[in-house]
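>>> A predicted structure for the sequence below; I have some questions about it.
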Amino acid sequence: MDAETIGITIAPEPEIFDISAPSYRCSGEQVMVHLNGSRSGQTYRLLRNNQFTGMSRQGTGATLDFLVEEGGNYQIQAVSNTSGCQQMMAGIAVITDADIPLADAGLIGRFLPVHHSLSRAWPKAEVVITNSTGTRNPCF
């Protein structure tokens, strides 16, 4: 029986880089998921809630950014273009959707004794002030 020599090359896993992103995203806002490094010859795939988003970037040797429009748990997976070896990048970027805050202007004006008049800043409103004797006085 003749012995054959077979060469086996063990491909290294892709290098691990760190993921970062803002913690909150206002409704309708786009934010960046950032990878602090990359390597040429590797494809970086963005996952949201453990599902591939369809977005990928080729490694350049520099940082990479992915623009996202939804909250969720984001991860990035590196895949070697030659060996197919895969490696998850370090960390999970948790982005929470936040409602756009609404400003509460409160009641315009101030309450004055009943004998003073109130000016109004809005169209006619039904506001009733009760004085210390319980008499109700409509205003505006």
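Perfect, thanks for sending it. Residues are numbered from 1 along each chain as shown.
>>> Buried residues in stretch 11-29, which are they?
Neighbour counts using 16 or more other Cβ atoms under 10 Å place 14, 17, 19, 21, 25 of stretch 11-29 among the buried residues. Heads up, the C-betas are built off the backbone N, CA and C, glycines and all.
>>> which outside residues touch stretch 42-50?
For stretch 42-50, the surrounding residues in contact (Cβ atoms under 8 Å, 6 or more residues apart in numbering) are 14, 33, 35, 38, 52-53, 55-59, 64, 66, 68, 70, 72-81, 89.
>>> for residue 31, what are its contacts?
Contacts of residue 31 (Cβ under 8 Å, 6+ apart): 21-22, 25, 67-68, 95.
>>> Please name the bridge partners of it.
Beta bridges link residue 31 to residue 68, judged by DSSP bridges.
>>> Residue 20 too?
Here residue 20, judged by DSSP bridges, has bridge partners residue 34.
>>> again, but for residue 47
Beta-bridge pairing for residue 47 (DSSP bridges): residue 52, residue 75.
>>> I'd like the distance between it and residue 86.
For residue 47, the distance to residue 86 equals 11 Å [Cβ to Cβ, to the nearest Å].
>>> what's the overlap in contacts for those two?
In contact with both residue 47 and residue 86: residue 77, using Cβ under 8 Å, 6+ apart.
>>> hey, where'd the strands end up in the protein?
19-20, 24-26, 31-35, 42-48, 51-58, 64-68, 72-80, 86-88, 93-98, 127-130, 136-139 (DSSP state E).
>>> In terms of residue numbering, what are the domains of the chain?
19-98, 108-140 (automatic domain parsing).
>>> circling back: list buried residues within the contacts of stretch 42-50.
Buried among the contacts of stretch 42-50 by 16+ other Cβ under 10 Å: 14, 33, 35, 38, 53, 57, 59, 64, 66, 68, 72, 74-80, 89.
>>> any idea which of the domains of the chain scores lowest on pLDDT?
With a mean of 47, domain 108-140 has the lowest mean pLDDT of the domains of the chain.
>>> How many residues are close by the spatially closest residue to residue 17 that is not a sequence neighbour?
In this structure, residue 17 finds its nearest non-sequential neighbour in residue 37, 4.0 Å apart by Cβ to Cβ, 6 or more residues apart in numbering. Look at residue 37: counted by other Cβ atoms under 10 Å, it has 15 neighbours.
>>> Alright, that wraps it up for me.
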